[in-house]
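Engineer: no sequence for this one, just the structure:
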């Protein structure tokens with residue numbers, strides 16, 4: 001089933017003023033952070049990025065081991081183990097998403113691998129069979145694609161259209177769960193797809209190679225943040241004021257632009273389960289929660305093994321009330337997302353005015369309000385930042 005990709009610009013207009021900050025204060029009291037303070041915050045942030053990507057790689061490697069187990073011995077048990085490992089690895093990856101949206105190593109417009117890692121939504125029929133078309137996808141196209149290779153998977157990604165997704169988290173997700181044809185649960189791909197189903201060997205090759213490529217891409221991103229030797233890290237720390245702008249841009253654009261808009265408002269308005277982020281596994285609730293946790297992680301520099309000056313401490317040293325307001329808003333939004341009363345697909349399909357719809361709408365509004373507070377932070381630090389995506 002082909003999924004039409006929505007025009008982001010139209011949606012962003014609907015989100016309102018929260019995205020429109022091109023900040024730089026005319027207030028005579030506003031001033032940039034000192035080079036020493038900015039460098040301290042930027043260094044902690046770089047340590048956070050390195051550590052968080054490292055954790056994502058470790059859990060992705062655990063997922064790889066579970067997928068290898070599924071391929072070696074397909075069964076309901078090994079398939080469930082691979083799915084469980086995907087969810088755990090996915091949760092760790094979404095914590096890293098605040099390190100995006102400013103042309104950093106993951107989404108550099110020239111060579112950033114984000115499109116290979118996390119592109120969505122995907123046309124399932126581009127990869128494998130779907131209801132009504134048993135021969136769909138690269139997996140089943142033996143004539144035109146005689147052998148599934150890593151190069152085939154990478155070169156096919158977004159070829160001919162933005163929904164022609166062949167690699168990354170959601171391709172792997174689809175290969176583990178299959179289409180989600182249920183209104184109350186995730187996809188239900190049988191383990192026999194990897195044993196005696198047509199093209200089972202090609203499907204197994206695809207899943208194995210896509211997983212290997214995902215891990216390779218994550219390792220490449222982490223290497224750019226490597227202490228002392230990371231290429232991007234060095235350039236990032238060389239301009240501390242620009243680094244602060246990027247830090248604020250990353251969390252602000254994720255909150256008020258990407259999460260509130262692309263990932264939540266689109267599905268909220270369309271009521272289509274195909275528009276939810278992790279639609280095959282029904283893991284979208286966790287995607288939302290972990291993106292918010294990632295924003296909080298960056299604000300507070302709160303990650304195991306990482307210590308140092310944070311954006312929160314920098315702002316609190318100048319305006320404690322503003323810093324606490326932002327932290328409180330993020331914590332309240334996180335609590336609301338953790339308390340979602342049902343799966344995302346159930347909530348978006350609920351009637352207007354229902355507790356389910358109101359729960360999503362409330363989190364969207366909170367994320368937009370965060371955008372406004374991030375704008376105040378930018379003014380306080382005399383930074384020019386836009387949060388549109």
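Structural biologist: That came in fine, so what should we check first? Quick caveat: nothing in here was measured; it's all calculated off a predicted structure.
Engineer: hey, let's count contacts and neighbours off CA atoms from now on
Structural biologist: Noted.
Engineer: list the contacts for residue 149?
Structural biologist: 205-206, 209 (Cα atoms under 8 Å, 6 or more residues apart in numbering).
Engineer: By neighbours, which of these wins?
Structural biologist: In terms of neighbours by other Cα atoms under 10 Å, those top out with residue 206 at 26 neighbours.
Engineer: before we move on, back to that, would you mind giving the contacts of residue 149 as CSV with distance to residue 317 and secondary structure added?
Structural biologist: Below are the contacts of residue 149 laid out as CSV (distance: Cα to Cα, whole Å; DSSP: H, G, I helix; E, B strand; the rest coil):
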residue, distance to residue 317, secondary structure
205, 54, helix
206, 52, helix
209, 49, helix
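Engineer: mind listing what residue 56 touches?
Structural biologist: Contacts for residue 56 (Cα under 8 Å, 6+ apart) come out as 89-90, 92-93, 96, 218.
Engineer: now with 6 Å?
Structural biologist: 92-93 (Cα atoms under 6 Å, 6 or more residues apart in numbering).
Engineer: That one: which element?
Structural biologist: Per DSSP states H and E: residue 56 is located in helix 35-72.
Engineer: Show the average pLDDT along that helix.
Structural biologist: Averaged over helix 35-72, pLDDT sits at 98.
Engineer: For that helix, buried residues please.
Structural biologist: Going by neighbour count (16 or more other Cα atoms under 10 Å), the buried part of helix 35-72 is 37-57, 59-71.
Engineer: for stretch 202-219, same thing?
Structural biologist: For stretch 202-219, by 16+ other Cα under 10 Å, it's 202-215, 217-218.
Engineer: Now, these that are in strands?
Structural biologist: If you go by DSSP state E, the buried residues of stretch 202-219 have nothing in strands.
Engineer: any idea how far residue 195 lies from residue 150?
Structural biologist: As defined by Cα to Cα, to the nearest Å, residue 195 lies at a distance of 21 Å from residue 150.
Engineer: Return the distance of the helix holding residue 56 from the chain's centre.
Structural biologist: 13 Å (Cα atoms, centre = their mean, to the nearest Å).
Engineer: so what does whatever helix or strand comes next after that helix touch, helix or strand wise?
Structural biologist: Counting by DSSP H and E, the next helix or strand C-terminal to helix 35-72 is helix 76-94. Of the remaining helices and strands, those touching helix 76-94 by 3 or more Cα pairs under 6 Å, 6 or more residues apart in numbering; DSSP states H and E are helix 35-72.
Engineer: Now do the helix it packs on and helix 76-94, the angle between them.
Structural biologist: If you take axes from the mean of the first three to the mean of the last three Cα atoms, to 10 degrees, helix 35-72 sits at 170 degrees to helix 76-94.
Engineer: My read is that residue 267 contacts residue 273, right?
Structural biologist: No - the pair residue 267 and residue 273 does not pass the contact test of Cα atoms under 6 Å, sitting 7.1 Å apart.
Engineer: Return every residue with contacts to both of those two.
Structural biologist: The contact sets of residue 267 and residue 273 do not overlap (Cα under 6 Å, 6+ apart).
Engineer: so where's the stretch 51-200 of the chain uncertain?
Structural biologist: For the stretch 51-200 of the chain, no stretch has pLDDT under 70.
Engineer: What ranges does it have for its helices?
Structural biologist: Along the stretch 51-200 of the chain, the segments classed as helices by DSSP state H, counting those that start in this stretch run 76-94, 114-118, 150-156, 169-177, 200-224.
Engineer: what does the stretch 251-389 of the chain give?
Structural biologist: 266-270, 284-300, 311-316, 320-338, 344-349, 355-380.
Engineer: how about TSV for those helices, with distance to residue 179, mean pLDDT and mean neighbour count added?
Structural biologist: Below are these laid out as TSV (distance: least, Cα to Cα, whole Å; pLDDT from 0 to 100; neighbours: other Cα atoms under 10 Å):
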stretch	distance to residue 179	mean pLDDT	mean neighbour count
helix 266-270	17	95	18
helix 284-300	15	98	23
helix 311-316	41	98	20
helix 320-338	25	98	17
helix 344-349	14	95	23
helix 355-380	24	97	22
